[in-house]
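Asker: got a predicted structure plus its sequence, pasted below:
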Amino acid sequence: MCGIVGYTGTQQAAPVLLDGLARLEYRGYDSAGLAVRNGSDLAEVVKSTGKLRGLIEKTDGGRSLAGTCGIGHTRWATHGEPSQTNAHPHVSGNCSGSGSGLVESEVTGVHNGIIENYLELKEKLSRHGYQFYSDTDTEVVVKLIDYYYKKYKIGPVDAINRTLVRIRGTYALALMFRDYPGEIYAARKDAPMIIGIDGSESYLASDVPAILNYTRTVYYIGNLQIAQLRPGEVHFFDLNGDEIQLESTQITWDAKSAEKNGFEHFMIKEIYEQPAAVRDTLTSLVTEGRITLEAAGLSDEVLRGISSVRIAACGSAWHVGMAAQYILEDLAEIPVRVELASEYRYRKVLHVDGELLVVISQSGETADSLAALRKAKDLGIRTLAIVNVVGSTIAREADHVLYTHAGPEIAVATTKAFSAQLAAIYCFAVQAAYVRGLIDSDQYDGYLRELASIPDKIERILEEKERIQWFAAKYANARDIFFIGRGLDYAISLEGSLKLKEISYVHSEAYAAGELKHGTISLIEDNLLVIGVLTQKDLFEKTISNMAECKARGAFLMALTSYGNYSVEDSANFTVYVPKTDPHFMASLAVVPLQLFGYYSGVARGLDVDKPRNLAKSVTVE
Ligand code: F6R
């Protein structure tokens, strides 16, 4: 969603801010803005709608904005339409127009998230003579801080603290005060924000890639804590205004991993990074031929004590959960229920002793997944997070964490994080099966050998990408496409369908193959493409029959199966083969051609596949 950057140091701030915002472009936005201050002068605010290019042109690449301290923002509209007036930064001064230029203002700020009670606060501030030029909740927060700051004649930390206890919602705030040149103040609640330091430079960002080129030393500011940034220096305060100490962390991500490195899009680069993402995740969880989950606190005893698993996640991470259901129930014989986090969070939840709630999330910041985690914790349920972003809120709040090692994922549509999540699930399932006495050590070693072979097999699939590229181009203008499969193949179908929809805007549906004839088959017509996923031997014949039913009604059939299942060609018009592996792990291979299909469909339609319309990388609002 929105992106925040901040900088105070010895360099000119605007080019650093623009560079940081460019690295957050993938998160999705509709307008952008900067506020830069030079010494004790007022902050100068520049905003523009549309792509960041507009802001870069307006500021001559940042050169027209002098000053070594500033904040920047990319906005994904929530309150108020995407417009220059509603774009951030916002100012506390009473001004007309869009709040741009050199504005007489005590407080200037940017904000990610939503302030739920902003209307009530707006009314209160209006009664005290404040006027509003925008429709945003952000302008209300900035003016509320200004109100406390002036009314009680207190410093920025106390004014922010008084505001934090009045506002409800999720937010990350970056603020500058006219009386405090060279300083930036930041606070957050349930929205990401990190602080980075390097020599005499201080940085602030809502996401790691924004500052990866400048520093690896970061602080994760906690909920309802305040950071005060000065050049090369940062201080933290709690809600009482008392200074607190936070430990810095070193980011291990390589700056190059957030670059395209010659690929046309981040998405295709990340599809190619999947062998490494899976390998690195497996390496982190397997030592000397044994899966080691103890570091996450998942001892053999804990694994044996799990009575049931409930998985809560959103989007593709939910699809990993759907796959996990089949794998965990079959291998470890643990009953599993998979829920959309947005549903779980708002309903009465009945749970049993020994239940484990697993939250799967790339970003570790998805609002619904975080709420599901907190709900489970409130109910006293043990929680496990499978997360990619180190230090993210979900990772910090869960009882146990298994990190995936996919590196920064920039394309909005997830690919390598999805694959890394599957790898973590496999390790969890195999280890649980072993310690619960369901597999012996020979079977255990066999599973580990199969897991270790997955990265090479993904590489082999990628070598044949041209065939899928050709096929995707042929169907790029399709109106509807159906994906069908049973069991684990249904979970794979769900992910294939989502990849296609979000990237190419072609409508598609994923159906459990046996369910088609209960209604959906009425949509099958001449030349409609039906993609059958057939990786599970026991279900192969059943799904073939369902595909044949579609063909009889005019459908064109694509089959996705493993080498050796050549009889599929008796029914399918076009077949894609992937290498064989243990059936439990087939999702890792079968998903790759479907990712390529979604990607090349979007490319063939000339779309911005890294930033599909209306979507944001991490969904930090409900
Ligand atoms: C789809 C996609 C989304 C995410 C979902 C959850 O390609 O990326 O569906 O999977 O928004 O995000 P995380 O994993 O960050 O919780």
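Answerer: Yes, it's here. Numbers count the residues shown, from 1 in each chain.
Asker: residue of the chain nearest the ligand, please.
Answerer: Going by Cβ to the nearest ligand atom, the ligand is nearest to residue 315 of the chain, at 1.8 Å. Using the backbone N, CA and C atoms, a C-beta is placed for each residue, glycine as well.
Asker: quick one: pLDDT of the nearest residue to that residue once chain neighbours are set aside?
Answerer: Excluding its sequence neighbours, the residue lying closest to residue 315 (Cβ to Cβ, 6 or more residues apart in numbering) is residue 498, at 6.8 Å. pLDDT, residue 498: 98.
Asker: likewise for residue 549?
Answerer: Looking at residue 549, its pLDDT reads 94.
Asker: one step back: tell me the helices and strands packed up against the host helix or strand of the residue nearest to residue 315.
Answerer: Here residue 498, judged by DSSP states H and E, is contained in helix 488-504. Here helix 488-504 touches helix 315-332, strand 480-485, strand 507-512, strand 529-534, helix 586-604, going by 3 or more Cβ pairs under 8 Å, 6 or more residues apart in numbering; DSSP states H and E.
Asker: re the thing from before, report how many residues lie close to the residue of the chain closest to the ligand.
Answerer: The number of residues packed around residue 315, counting by other Cβ atoms under 10 Å, is 23.
Asker: over to residue 473?
Answerer: Neighbours around residue 473, by other Cβ under 10 Å: 14.
Asker: measure the nearest residue to it once chain neighbours are set aside to residue 153 for me?
Answerer: Leaving aside its sequence neighbours, residue 473 sits nearest to residue 604 (Cβ to Cβ, 6+ apart; 4.3 Å). Separation of residue 604 from residue 153 (Cβ to Cβ, to the nearest Å): 62 Å.
Asker: what's the answer for residue 100, then?
Answerer: 29 Å.
Asker: higher neighbour count, the two?
Answerer: Neighbour count, other Cβ under 10 Å: between residue 100 and residue 153, residue 100 has more, with 20 against 9.
Asker: would you agree the more buried one is in contact with residue 84?
Answerer: Yes - if you go by Cβ atoms under 8 Å, residue 100 and residue 84 touch, sitting 7.2 Å apart.
Asker: about what we covered before: wait, the residue nearest to residue 473 sits on residue 476?
Answerer: Yes - using Cβ under 8 Å, residue 604 is in contact with residue 476, at 3.7 Å.
Asker: what is in contact with these two at once?
Answerer: Here residue 604 and residue 476 have residue 504 as joint contacts, going by Cβ atoms under 8 Å, 6 or more residues apart in numbering.
Asker: contacts only, for the residue nearest to residue 473.
Answerer: By Cβ under 8 Å, 6+ apart, residue 604 lies in contact with 472-473, 476, 504.
Asker: between the residues you listed, which is closest to residue 220?
Answerer: residue 504 (36.4 Å; Cβ to Cβ).
Asker: right, and the closest one touches residue 608 too?
Answerer: No - under the criterion of Cβ under 8 Å, residue 504 is not in contact with residue 608, lying 11.4 Å apart.
Asker: more neighbours, these two?
Answerer: Applying other Cβ under 10 Å to residue 504 and residue 608 shows that residue 504 carries more neighbours, namely 27 against 12.
Asker: ok, that one - contacts?
Answerer: Shown in contact with residue 504 (Cβ under 8 Å, 6+ apart): 476, 598, 601-602, 604-605, 607.
Asker: turn those into a markdown table, columns for pLDDT and distance to residue 203.
Answerer: Formatted as a markdown table, these follow (pLDDT from 0 to 100; distance: Cβ to Cβ, whole Å):
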| residue | pLDDT | distance to residue 203 |
| --- | --- | --- |
| 476 | 93 | 41 |
| 598 | 98 | 35 |
| 601 | 97 | 38 |
| 602 | 97 | 33 |
| 604 | 96 | 39 |
| 605 | 95 | 37 |
| 607 | 94 | 33 |
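Asker: export these to TSV and tack on distance to residue 222?
Answerer: Shown next, in TSV, are these (distance: Cβ to Cβ, whole Å):
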residue	distance to residue 222
476	47
598	38
601	42
602	39
604	46
605	44
607	39
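Asker: mark which of the residues you listed are buried, thanks.
Answerer: Neighbour-count burial (16 or more other Cβ atoms under 10 Å) applied to the contacts of residue 504 gives 476, 598, 601-602, 604-605, 607.
Asker: enumerate the residues of the protein near the ligand.
Answerer: Applying Cβ under 6 Å from any ligand atom, we find that the chain lies next to the ligand at 314-317, 361-363, 366, 369, 413-414, 498, 502, 618-619.
Asker: the same query, at a cut-off of 5 Å, please.
Answerer: Residues of the chain found near the ligand (Cβ under 5 Å from any ligand atom) are 314-317, 361-363, 366, 413-414, 618-619.
Asker: mind picking the lowest-pLDDT entry from the residues you listed?
Answerer: Lowest pLDDT among the residues of the chain next to the ligand: residue 618, 73.
Asker: ok, it - contacts?
Answerer: Taking Cβ under 8 Å, 6+ apart as the test, what residue 618 contacts is 1, 27, 192, 207, 362-363, 365-366.
Asker: narrow the contacts of residue 604 to those in helices?
Answerer: The members of these that map onto helices under DSSP state H are 472-473, 504.
Asker: adding distance to residue 303 and pLDDT, write the residues you listed out as TSV.
Answerer: Below are the ones in helices among the contacts of residue 604 laid out as TSV (distance: Cβ to Cβ, whole Å; pLDDT from 0 to 100):
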residue	distance to residue 303	pLDDT
472	42	97
473	47	95
504	41	96
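Asker: quick one: secondary structure of residue 235?
Answerer: Classification of residue 235 by DSSP: H, G, I helix; E, B strand; the rest coil places it in strand.
Asker: ok, it touching residue 243?
Answerer: Yes - applying Cβ under 8 Å as the test, residue 235 and residue 243 come out as touching, 5.9 Å apart.
Asker: which one of these two is surrounded by more residues?
Answerer: Neighbour totals were compared for residue 235 and residue 243, and residue 235 leads with 15 against 11 (other Cβ under 10 Å).
Asker: for the nearest residue to that one once chain neighbours are set aside, pull up the helix or strand it's in.
Answerer: Take residue 235 and drop its neighbours on the chain: the residue closest to it by Cβ to Cβ, 6+ apart is residue 228, 4.6 Å away. Per DSSP H and E, residue 228 falls inside strand 226-230.
Asker: quick one: strands adjacent to that strand?
Answerer: Neighbouring strands of strand 226-230 in its sheet, by DSSP bridges, are strand 184-189 (antiparallel), strand 233-237 (antiparallel).
Asker: residues contacting it, please?
Answerer: Residues outside strand 226-230 that contact it (Cβ under 8 Å, 6+ apart) are 6, 8, 156-157, 160-161, 182-187, 195, 202, 204, 219, 221, 234-238.
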